[in-house]
Structure formats: structure tokens, C-alpha cells
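Trainee: only geometry, no sequence info:
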């Protein structure tokens, strides 16, 4: 599925989703982005650091795939937002959402989108 289509479908899941973007192995945003009308909580320099750290963490988690199975998604419950990451073959889908989002349902809906 095309990057922009994936991000658009994710955004349509819930208005509390602030950001849906695909990050490549070099930590660059290659599709999607911030919901229209919203401002990022961090500045653009911090975005790049967040993306690189996210990709590095996803790569490190693969070390345990043989023992525990591959990671389907990871989630961080932060003071201001919830961040979810979904490792894909050659990229990572990054989602940030307001804390009021139903985080027990959204990741599984995203996995369903990614499986098509």
C-alpha cells in the first residue's frame, strides 16, 4: 500500500490522532505528517532526532525476534501524547495521538490497515 494512503487511513481512524508518518531506515519522513491545522509539539530539529531514535530502537528490537517473535507495535504513554510505532519491512509507521485516544483499540485497527 502506498505511504500516503496508509497515513490517510490511519488519520481517519480517530480525530485525536495528531500525526501519522512513515520514517525510512535513515530517519527521514517519507510519507504522511501532522494533521492539518495542528502544530507539532517539538521543533523540526527535534523531529529529526525523534525519527532517528525511533528507527534505531526498532532495529534494536529485532535482536529478540527469534526468541519472542517480531514486534507488532510499541507504545509510549507520555505526559502530553501517546506515541505508537509499527515496524514495517523497510520503514516505521509513527503515530502520535492525544491522550484521550482509545489506545487499546487504535493499534489493532492500524495493524489491520497495514495487513491489507
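Mentor: Received the coordinates, thanks. The shown structure was predicted, so the numbers you read here are calculated from the model rather than taken from an experiment.
Trainee: when you work out contacts or count neighbours from here on, use the C-alpha atoms and nothing else.
Mentor: Noted.
Trainee: check what pLDDT the closest residue in space to residue 101 that isn't next to it in sequence gets.
Mentor: Nearest non-adjacent residue to residue 101, counting by CA to CA, 6 or more residues apart in numbering: residue 16, 5.8 Å away. We have a pLDDT of 96 for residue 16.
Trainee: got the phi/psi numbers for residue 16?
Mentor: phi -80, psi -10 (degrees, to the nearest 10).
Trainee: you'd agree it is up against residue 102?
Mentor: No: assessed by CA atoms under 8 Å, residue 16 is found out of contact with residue 102, at 9.1 Å.
Trainee: so these two - more neighbours on which side?
Mentor: Remark: of residue 16 and residue 102, residue 16 carries more neighbours, 17 against 12, as counted by other CA atoms under 10 Å.
Trainee: show me what contacts that one?
Mentor: Residue 16 makes contacts with 97-98, 100-101, as judged by CA atoms under 8 Å, 6 or more residues apart in numbering.
Trainee: in JSON lines, list the residues you listed along with pLDDT.
Mentor: What follows is the contacts of residue 16, written out as JSON lines (pLDDT from 0 to 100):
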{"residue": "97", "pLDDT": "96"}
{"residue": "98", "pLDDT": "95"}
{"residue": "100", "pLDDT": "92"}
{"residue": "101", "pLDDT": "95"}
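Trainee: mind giving me the ChimeraX select for these, buried ones only?
Mentor: Buried residues within the contacts of residue 16, by 16 or more other CA atoms under 10 Å, are selected in ChimeraX with:
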select :97,98,101
